[in-house]
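> missing the sequence, but the structure's below:
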C-alpha cells in the first residue's frame, strides 16, 4: 500500500491557471488525487457576482528508498 508523504492543493481562477499549477506539481513528483473541485464565493447563492476557483488535490507518495 502506498503511503502519502505530502498533500497540496493546486488552484486557479480559471482552468488554464489550474493546468499550469498542476503540471508544475507533476514535474515535482506530485500526482492528482481524485476529482477536480469547483468552489464559488457565497455571493453566487444570491445571484450576484462571485468568484470561482478550480481546485485539484495533489499528493506525493513515499518512495521505497525513503521507507
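That came through, no problem. As the structure is a computational prediction, the values presented were derived from the model and not from experiment.

> check which element follows the helix or strand encompassing residue 26 along the chain.
Assigned by DSSP states H and E, residue 26 falls within helix 15-27. As assigned by DSSP H and E, the chain's next helix or strand after helix 15-27 is strand 31-40.

> what is that following strand packed up against?
Secondary-structure packing of strand 31-40 (3 or more C-beta pairs under 8 Å, 6 or more residues apart in numbering; DSSP states H and E): helix 15-27, strand 52-61. (Glycine included, C-beta is placed from N, CA and C.)

> tally of neighbours for residue 18?
Applying other C-beta atoms under 10 Å, we find 18 other residues in the vicinity of residue 18.

> for it, which non-adjacent residue is closest in space?
residue 12 (3.6 Å; C-beta to C-beta, 6 or more residues apart in numbering).

> ok, residue 57 next?
Counting by C-beta to C-beta, 6+ apart, residue 57 lies nearest to residue 33, which is 4.4 Å off, once chain neighbours are set aside.
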